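> I would like to see how this sequence folds:
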Amino acid sequence: MPRKPAFEYTLHKATGQACVRIAGKVHYLGKYGTHESRARHRNLVAAAQAAQALHDAARPLSVGELCEKFVMSQRIEHGAKSWQEGQARAIALAVCERFAGLEAAAFGPKALQEVIAQLLARGRLTRGGVNRRKQQVVAMFKWAVSEELVQPTAWHALQAVKAVRFGKGRENPPREPADSTAVAAVVARLRESGHASASQCVAFMRATGCRPGEAYRADIADLRLSADPPVLAVREHKNAHRGMERVVVLNSAAVDAVRSALADRQATCGPLFVNSAGNPWEKSVMLNLIYRACDACGVARWTPYQLRHLAATEAVNRTGNEAAAAAMLGHAPTSTVVRRYSVNRLQLAAQAAKAVGA
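Below you'll find the predicted structure:
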């Protein structure tokens, strides 16, 4: 049976009195339903809650309780089953496995290093994944400082823990861009097999290098085809919470994909690329369509995100301008991620050197 709510006002049938159970003791309040009994109930509950608050304030906060509060804060801010809540749960599990009962103020660099060593020993995460977990634990304590749950010294101490260096953990092989010939074959195959919208969506991602989620959520109302250059203003994107704008610039190939989708949609608002039910494409569905088309064409399988890598690689190596490529991809101006797409950074350095003193 489900448990009754705490401090519930209930009827004692044998005596006809109202009662409430507090800390295992039943308090009788007088005749059930009267104003006097309800007033006594309110007073007793208020006193019990005040006593509990004093008890909680006097008792040190444990790591497990801190993790629980952090997970709940992420759920409230970002929603249940959000990416942020999932990440909060992951770091809570990693930390609480050994330190749930430890006082939060006592969780220091040595404890964090033990968590890191444990994650490395399991081998489920790459070195980069372990370092992200480490940073997320530090971020949790930063949040705790902002909520006055721990002293700032606890957060500052954790910042001293170094990241796992190269060679000390498992590395993922570098992600390769999709093959442009294979992409063209898949686009044609999707169109011929009756998946015109999927074909248009893949062509759009190939032409713009946008994130797959940005293409799936693209809205007709956000298109600015008459602008110079034509753009798609993305409302929901990765850096929206930082106050950054995300504008996808449309080249001629992207405009062709958009106009083809608009001709099929015959609508002025709503999702640009939709499935047969009129709903935006889902990641798993699009991935399965691409895989089946790759198999049918006899080419190696690739994922939608590899289209972004392909566009980024072409942009960096054909223009020699990493800043421009970063702007196209929607990266922050200070981002260095785009450097990984450069095939020959020595050539870029040589181009810059020729411009010096010219």
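
> all contacts plus neighbour counts: C-alpha atoms, from now on.
Noted.

> what comes into contact with whatever helix or strand residue 311 lives in?
Using DSSP states H and E, residue 311 sits in helix 304-319. By C-alpha atoms under 8 Å, 6 or more residues apart in numbering, the residues outside helix 304-319 that reach it are 175-180, 202, 205-212, 287, 321-322, 325, 329, 338, 341-344.

> please state the offset of it from the chain centre?
In terms of C-alpha atoms, centre = their mean, to the nearest Å, the centre of helix 304-319 is found 23 Å from the chain centre.

> against which helices or strands is the next helix-or-strand element following it packed?
Using DSSP H and E, the helix or strand that follows helix 304-319 in sequence is helix 322-329. Contact here means 3 or more C-alpha pairs under 8 Å, 6 or more residues apart in numbering; DSSP states H and E; on that basis helix 322-329 packs against strand 246-249, helix 304-319.

> average pLDDT for helix 322-329, rounded please.
Mean pLDDT, helix 322-329: 79.

> what about the nearest residue to residue 152 once chain neighbours are set aside, is that helix, strand or coil?
Excluding the flanking residues, the one nearest residue 152 by C-alpha to C-alpha, 6 or more residues apart in numbering is residue 145, at 5.6 Å. What DSSP: H, G, I helix; E, B strand; the rest coil gives for residue 145 is helix.

> picking up where we left off before, and the helices and strands packed on helix 322-329: which comes nearest residue 154?
Residue 154 lies closest, by C-alpha to C-alpha, to one member of the helices and strands packed on helix 322-329: strand 246-249, at 36.2 Å.

> could you identify the helix or strand that succeeds that closest one?
Downstream of strand 246-249, the next assigned helix or strand under DSSP H and E is helix 252-265.

> residue contacts, residue 113?
With C-alpha under 8 Å, 6+ apart, residue 113 has these contacts: residue 161.

> which SS state does it fall under?
helix.

> for residue 301, see how far away it is.
As for residue 113, its distance to residue 301 is 39 Å (criterion: C-alpha to C-alpha, to the nearest Å).

> can you check the pLDDT for residue 167?
Looking at residue 167, its pLDDT stands at 88.

> name the element it belongs to?
Residue 167 belongs to no helix or strand, assigned by DSSP H and E.

> flag the shaky bits of the stretch 1-150 of the chain, pLDDT-wise.
Residues of the stretch 1-150 of the chain meeting the criterion pLDDT under 70: 1-5, 55-59.

> which residue ranges of it form strands?
Using DSSP state E, counting those that start in this stretch, the strands of the stretch 1-150 of the chain run over residues 10-12, 17-22, 25-31.

> also the stretch 151-300 of the chain?
Under DSSP E, counting those that start in this stretch, the stretch 151-300 of the chain gives strands at 223-224, 231-234, 246-249.

> for residue 142, which non-adjacent residue is spatially closest?
Nearest non-adjacent residue to residue 142 (C-alpha to C-alpha, 6+ apart): residue 155, at 5.7 Å.

> so what's the residue count around the one you found?
When counting by other C-alpha atoms under 10 Å, one arrives at 23 neighbours for residue 155.

> check contacts around it.
So residue 155 contacts 138, 141-142, 145 (C-alpha under 8 Å, 6+ apart).

> next one: residue 73 from residue 12, what distance?
With the distance defined as C-alpha to C-alpha, residue 73 ends up 39 Å from residue 12.

> and if you look at residue 326?
From residue 326 across to residue 12, the span is 70 Å (C-alpha to C-alpha).

> mind listing the helices for this protein?
Taking DSSP state H as the criterion, the chain carries its helices at 35-58, 63-78, 83-99, 109-122, 127-146, 152-158, 180-192, 196-208, 212-216, 252-265, 283-297, 304-319, 322-329, 345-355.

> find the residue at the geometric middle of the chain.
Central residue of the chain (C-alpha atoms, centre = their mean): residue 83, 3.8 Å from the mean position.

> and the closest residue in space to residue 262 that isn't next to it in sequence, backbone torsions?
In space, residue 262 comes closest to residue 272 once its chain neighbours are excluded; the distance is 7.1 Å by C-alpha to C-alpha, 6+ apart. Here is the backbone geometry of residue 272 (degrees, to the nearest 10): phi -80, psi -50.

> how many residues are close by residue 272?
Neighbours of residue 272 under the rule other C-alpha under 10 Å: 29.

> what does residue 252 give?
By other C-alpha under 10 Å, 12 other residues sit near residue 252.

> got the contact list for it?
Applying C-alpha under 8 Å, 6+ apart to residue 252 gives no contacts.

> how about a cut-off of 10 Å?
Shown in contact with residue 252 (C-alpha atoms under 10 Å, 6 or more residues apart in numbering): 207-208, 229-230, 258.

> from the residues you listed, pick the one nearest residue 166.
Distances from residue 166 to these, taken as C-alpha to C-alpha, are shortest for residue 208 (32.8 Å).

> roughly how far apart are that closest one and residue 306?
Applying C-alpha to C-alpha to residue 208 and residue 306 gives a distance of 12 Å.

> so for these two, which sits in the more crowded spot?
residue 208 (23 against 20).

> so what pLDDT did that one get?
For residue 208, the model assigns a pLDDT of 91.
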